[in-house]
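[1] Structure of the sequence below:
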Amino acid sequence: MLKEKILISACLLGIPCRYDGRDNKIKNLTLLQEQFELIPVCPEQLGGLSTPRCPCEIQKNKVISREGKDYTREFQKGAEESLKLAKQWNIKTALLKAKSPSCGFGQIYDGSFSRKLITGNGLTAALLEKEGIQIFSETELDKFFKKLYNELTIK
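    Below you'll find the model as predicted:
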């Protein structure tokens, strides 16, 4: 039987691709890895940015670095490349990094680099959601696992 594929932020799998060269590995992903095929993505790397890189936040619909450089084009390209992968693998669900200007879903940093949160989505999360992909962040693991468990028991 073919495993359902889930798009996942690469940093959540322990790949050191965050802006600071670190990861955000989620512990206890064994069950998820046994039941599903995880397709890792780092939209920022797919958009051509290096690791490490300067931190960025969304300001007035643009992605701006702490130094004031506009990286909107790279973030948009990364979102589009992530969507291509999702379509190629027929992805219906994604587990993405919270608060990120790429992957954040529901809440992102406000653009002031003060760690203040506002309602909003990162560029990749917004594009994937627009295409009908259900998005979860690592802060919603209970909800995420409940959804996946319900799907497994229905099949």
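
[2] which stretches of this structure aren't confidently modelled?
    The model of the chain has pLDDT under 70 over residues 1, 152-155.

[3] hey, where'd the helices end up in it?
    With helices called from DSSP state H, the chain shows them at 30-35, 43-46, 72-88, 123-130, 141-154.

[4] With respect to Ile64, which of these lies nearest?
    Closest to Ile64 of the helices of the chain, according to Cβ to Cβ: helix 72-88, at 8.0 Å. No exception for glycine: its C-beta is placed from N, CA and C like everyone else's.

[5] related to what we said a few turns ago, do you know which of the helices of the chain lies nearest Cys11?
    helix 43-46 (9.8 Å).

[6] got a markdown table for the helices of the chain, with distance to Ser102 too?
    Written out in a markdown table, the entries for the helices of the chain read as follows (distance: least, Cβ to Cβ, whole Å):
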| stretch | distance to Ser102 |
| --- | --- |
| helix 30-35 | 21 |
| helix 43-46 | 4 |
| helix 72-88 | 6 |
| helix 123-130 | 5 |
| helix 141-154 | 18 |
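
[7] Pick the most buried one from those.
    The highest average neighbour count among the helices of the chain, using mean count of other Cβ atoms under 10 Å, belongs to helix 43-46 at a mean of 26.

[8] residues contacting the nearest residue to Gly21 once chain neighbours are set aside?
    By the measure of Cβ to Cβ, 6 or more residues apart in numbering, the closest residue to Gly21 outside its immediate chain neighbours is Pro52, 4.0 Å from it. Contacts were defined as Cβ atoms under 8 Å, 6 or more residues apart in numbering; by that measure Pro52 touches 18-21.

[9] related to what we said a few turns ago, for Lys3, which of the helices of the chain is the nearest?
    With Cβ to Cβ as the criterion, Lys3 lies closest to helix 30-35 of the helices of the chain, at 6.9 Å.

[10] out of the helices of the chain, nearest to Gly14?
    For the helices of the chain, distance to Gly14 was read as Cβ to Cβ. The smallest value, 11.5 Å, belongs to helix 30-35.

[11] hey, C-alpha coordinates of that closest one in CSV?
    Taking Å, rounded to 0.1, in the frame of the first residue of the first chain, the C-alpha atoms of helix 30-35 are listed here in CSV:
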residue,chain,number,x,y,z
THR,A,30,8.6,8.0,14.6
LEU,A,31,4.9,7.2,14.2
LEU,A,32,4.5,9.9,11.5
GLN,A,33,7.5,8.5,9.6
GLU,A,34,6.2,5.0,9.8
GLN,A,35,2.7,5.9,8.6
